[in-house]
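Asker: Return atomic coordinates for the entry below.
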Amino acid sequence: MPWNMMEVQDQRVRFVVEALTGEKPMRALCAEFGISRPTGYLWIDRYREGGVAAIAERSRRPHHTPGKTVDELEQRVVLLRQCYPDWGARKLAVLLGRQGIRLPSSTIHRILLRRGLVPEADRHPPAVQRFEREHPNELWQMDFKGPKNWPQSFGPLSVIDDHSRYLISLSALGSPDGGLVKAHLTEAFEQCGVPDAMLMDHGTPWWNPQSFSGRTYLSLWLMRQGIRLYWSGIRHPQTQGKVERFHGSLERALTHRGVPREEPQSWLDAFRLEHNYVRPHEALEMKTPAEFWRPSPRCYDPHPPAWEYPEGAWTLKVDCQGTVDIAGLRWRIGKTLAGERVHIQPVEERFLVYYCATLVRELDPALRRSTIVERLSAEKQKHSMNV
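Answerer: Sure, this is the predicted structure:
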């Protein structure tokens with residue numbers, strides 16, 4: 001059966017499933033999802049025409065907007081810039097404000113330009129439209145930084161909270177080994193709780209391009225914790241805007257402050273502390289991530305019980321070949337799920353396949369097509385220019 005990858009929006013999938021079951025009036029359902037009825041009918045029509053792929057989020061390109069200070073104040077600005085050479089004018093203005101000095105960021109920027117303290121590479125207009133989850137721990141973004149300016153062959157592993165930009169973990173693993181990543185994530189879960197969802201790219205060790213399902217044992221371990229897993233678009237790093245933006249800040253810090261040749265983890269620990277509790281963030285109204293983040297109430301369970309699907313749900317056990325039988329056809333789901341139970345959600349003539357809380361496949365008997373669901377851009381998580 002032919003298959004391909006797609007990008008979908010979690011909110012739209014859930015809306016279509018509920019709408020086509022007919023259990024709620026259309027008016028009430030649209031109000032619950034915060035959309036108009038014409039929009040709801042549009043999503044249903046698109047699904048009927050092309051399945052989950054047809055209701056994917058369309059591209060949304062955000063819009064952009066484009067006296068001599070006394071010597072003592074100017075010198076204070078210069079000294080702060082030397083202390084934090086990778087920080088911009090807005091952040092320096094916050095630090096000066098904490099010291100009782102009120103100086104507009106535009107004035108600070110002119111001082112930095114006049115003193116030659118703004119590299120050409122840093123002179124770019126900021127994105128002015130940002131999107132994030134409404135609450136801490138609704139989504140964590142995870143990725144490895146590239147090896148540039150790093151003393152190990154593999155850059156640090158970063159895990160950042162989408163809502164608050166709080167840096168959950170920053171680890172000098174030196175390798176993408178799944179066991180190492182699992183150990184550090186376990187420590188993060190024990191200290192910070194378990195998130196509702198996580199977003200990562202198609203990299204090792206959470207994705208296997210040689211596997212029919214793409215999933216690895218690390219990603220299945222995360223799913224068993226009840227974490228919904230989302231994957232970014234291929235060759236589209238903007239999907240993981242916040243962790244990529246953080247890696248840009250980390251790269252500038254390494255460039256301006258110097259690369260730690262010894263004890264890189266100690267350097268990362270200090271940088272994480274600074275990022276979370278000292279460095280003001282423009283997207284947070286110049287407050288720190290720690291002011292917006294709180295631990296997740298979901299506790300980590302090292303031995304989670306078998307996942308409980310909704311009462312009365314249609315479930316099937318994936319056989320040793322990684323397949324299930326539906327509608328008189330044998331469908332490949334993936335050998336990594338062999339022996340596991342999956343939830344089958346009929347939606348008119350198609351079937352959605354869930355493992356734990358994650359949608360993993362869409363089956364279309366009419367076309368005999370099994371489509372791997374690669375990424376779910378969840379509601380209000382529009383990742384283009386997502387910083």
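
Asker: only C-alpha atoms for contact and neighbour calcs from this point on.
Answerer: Noted.

Asker: what bits of this structure have low per-residue confidence?
Answerer: Residue ranges of the chain with pLDDT under 70: 1-9, 57-69, 120-131, 233-239, 374-387.

Asker: I'd like to know how many residues surround Trp331.
Answerer: For Trp331, the count of nearby residues is 19 (other C-alpha atoms under 10 Å).

Asker: Now do the same contact list for Ser171.
Answerer: Going by C-alpha atoms under 8 Å, 6 or more residues apart in numbering, Ser171 touches Pro156, Leu157, Ser158, His184, Gln265, Leu268.

Asker: right, and Gln188 touches Leu167 too?
Answerer: Careful, residue 188 is Ala and not Gln. No. Using C-alpha atoms under 8 Å as the test, Ala188 is too far from Leu167 to be in contact (10.4 Å).

Asker: Pick out whichever of the two has more residues nearby.
Answerer: Neighbour count, other C-alpha under 10 Å: between Ala188 and Leu167, Leu167 has more, with 23 against 17.

Asker: Longest helix in this protein, please.
Answerer: For the chain, the helix that runs over the most residues, judged by DSSP state H, is helix 241-257.

Asker: Walking through the stretch 201-350 of the chain, point out its strands one by one.
Answerer: 228-231, 314-317, 323-326, 329-332, 341-347, 350-355 (DSSP state E, counting those that start in this stretch).

Asker: Tell me which other helices or strands the second one touches.
Answerer: I take that to be strand 314-317. strand 341-347 (3 or more C-alpha pairs under 8 Å, 6 or more residues apart in numbering; DSSP states H and E).

Asker: for Arg332, what are its contacts?
Answerer: Gly322, Thr323, Val324, Ser370.

Asker: What strand or helix carries the last one?
Answerer: Spelled out, it's Ser370. Following DSSP states H and E, one finds Ser370 within strand 369-376.

Asker: So for Ile44, which of the strands of the stretch 201-350 of the chain sits nearest?
Answerer: Among those, the nearest to Ile44 by C-alpha to C-alpha is strand 341-347 (10.8 Å).

Asker: Tell me which residues touch Pro264, please.
Answerer: By C-alpha under 8 Å, 6+ apart, the neighbours of Pro264 are Pro151, Ala172.

Asker: Quick one, which of the strands of the stretch 201-350 of the chain gets closest to Ser213.
Answerer: Across those, closest to Ser213 is strand 329-332 (C-alpha to C-alpha), at 8.6 Å.

Asker: Just to check, Arg361 is in contact with Val353?
Answerer: Yes. Counting by C-alpha under 8 Å, Arg361 does reach Val353; the two are 5.0 Å apart.

Asker: now the angle between helix 241-257 and the host helix or strand of Gln75, please.
Answerer: Here Gln75, judged by DSSP H and E, is contained in helix 71-83. Helix 71-83 and helix 241-257 are oriented at 110 degrees to each other (axes from the mean of the first three to the mean of the last three C-alpha atoms, to 10 degrees).

Asker: now the helix or strand just after helix 71-83 against helix 71-83, angle please.
Answerer: Where DSSP H and E defines the elements, the next helix or strand beyond helix 71-83 is helix 89-98. Angle, helix 89-98 to helix 71-83, by the same axes, to 10 degrees: 120 degrees.
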